[in-house]
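Peer 1: Show me the folded form of this:
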Amino acid sequence: MENLKKELDFGVFYTCFTERESVEYSLDLLYSLYPDIPVYLISDGGCDYSDLSAKFPKGKFLLEHDSRGRVPLINQENWLSQENQDYMKKSIFEFMQRIKRAFEYCDKEYILIMEPDVLVRGKLTVEGSPKILGSRVNPYHWAEREINEVLAQISGSVKISHYGATPAILERKAFLEVN
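Peer 2: The predicted structure follows:
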């Protein structure tokens with residue numbers, strides 16, 4: 001059976017901080033292609049983007065607490081401290097909960113995770129029924145062995161050598177199964 005490309009039925013989870021002009025520009029491009037697309041935008045402790053709801057009425061614009069601000073300070077020397085481990089777990093949990101709320105708000109089969117540097121320049125299509133699509137841009141230079149030792153203890157897990165979430169397209173059913 002041949003896998004045919006089909007137009008993607010998706011909503012958007014948009015996470016940002018203080019990139020006001022970039023956010024508005026990327027939304028202008030997105031809405032020029034998808035005028036009725038639902039967007040669930042969360043400012044992670046940065047600017048209040050709620051005024052954009054007048055320009056983009058299909059969007060929900062929320063200012064929430066900063067859940068990732070300390071992540072750039074975590075490095076090879078300090079990542080195993082209990083404080084940093086707790087912070088990273090809390091940050092990941094918060095991100096996953098925000099994606100879950102985006103799926104609820106958008107009520108679509110797929111979610112595109114966007115940030116201010118993600119531009120949708122054309123109609124998005126998929127082949128088959130993918131569970132997740134995205135880039136793998138951040139290599140684990142200093143923690144790959146330890147992370148994969150933990151993953152090896154979890155039935156059904158796969159080894160990883162990179163991390164990163166954006167841009168990514170997630171299938172609702174697959175995401176809710178693992179969340």
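Peer 1: Got the confidence number for residue 92?
Peer 2: Here, the pLDDT recorded for residue 92 equals 86.
Peer 1: Surely it is within a helix?
Peer 2: Yes. Residue 92: assigned to a helix according to DSSP: H, G, I helix; E, B strand; the rest coil.
Peer 1: Tell me where the protein has helices.
Peer 2: Assigned by DSSP state H, the chain shows helices spanning 20-33, 82-106, 144-151, 172-178.
Peer 1: show me the contacts for the closest residue in space to residue 120 that isn't next to it in sequence.
Peer 2: Spatial nearest neighbour of residue 120, chain neighbours left out: residue 30 (4.8 Å); criterion: C-beta to C-beta, 6 or more residues apart in numbering. Where you see a C-beta, it was placed from the backbone N, CA and C, and this is true even at glycine. Residue 30 sits next to 12, 37, 39, 114, 120 when contact means C-beta atoms under 8 Å, 6 or more residues apart in numbering.
Peer 1: rerun that using 10 Å as the cut-off
Peer 2: Residues in contact with residue 30 (C-beta atoms under 10 Å, 6 or more residues apart in numbering) are 12, 14, 37, 39, 56, 59, 112, 114, 118, 119, 120, 121.
Peer 1: Widest-spaced pair of these?
Peer 2: Spanning the widest gap among these are 59 and 121, at 19.2 Å by C-beta to C-beta.
Peer 1: Among these two, which residue is more densely surrounded?
Peer 2: residue 59 (21 against 9; other C-beta atoms under 10 Å).
Peer 1: right, and that one touches residue 26 too?
Peer 2: No. With contact defined as C-beta atoms under 10 Å, residue 59 and residue 26 do not form a contacting pair (12.0 Å).
Peer 1: between those two, what contacts are shared?
Peer 2: 12, 14.
Peer 1: Against residue 17, how distant is the residue nearest to residue 120?
Peer 2: 18 Å (C-beta to C-beta, to the nearest Å).
Peer 1: likewise residue 110?
Peer 2: 25 Å.
Peer 1: list the contacts for residue 10?
Peer 2: 34, 37-38, 106, 108-112, 120, 124, 126, 169-172.
Peer 1: So for these, which is the shakiest by pLDDT?
Peer 2: The member of the contacts of residue 10 with the lowest pLDDT is residue 126, at 76.
Peer 1: Hmm, residue 112 and that one touching each other?
Peer 2: No. Assessed by C-beta under 10 Å, residue 126 is found out of contact with residue 112, at 11.1 Å.
Peer 1: If you count surrounding residues, which of these two has more?
Peer 2: Each of residue 126 and residue 112 had its neighbours counted (other C-beta under 10 Å), and the higher figure belongs to residue 112 (27 against 19).
Peer 1: Pull the contacting residues for the more buried one.
Peer 2: Here residue 112 is in contact with 8, 10-14, 30, 34, 37, 39, 102, 106, 118, 120, 124, 133-134, 166-170 (C-beta under 10 Å, 6+ apart).
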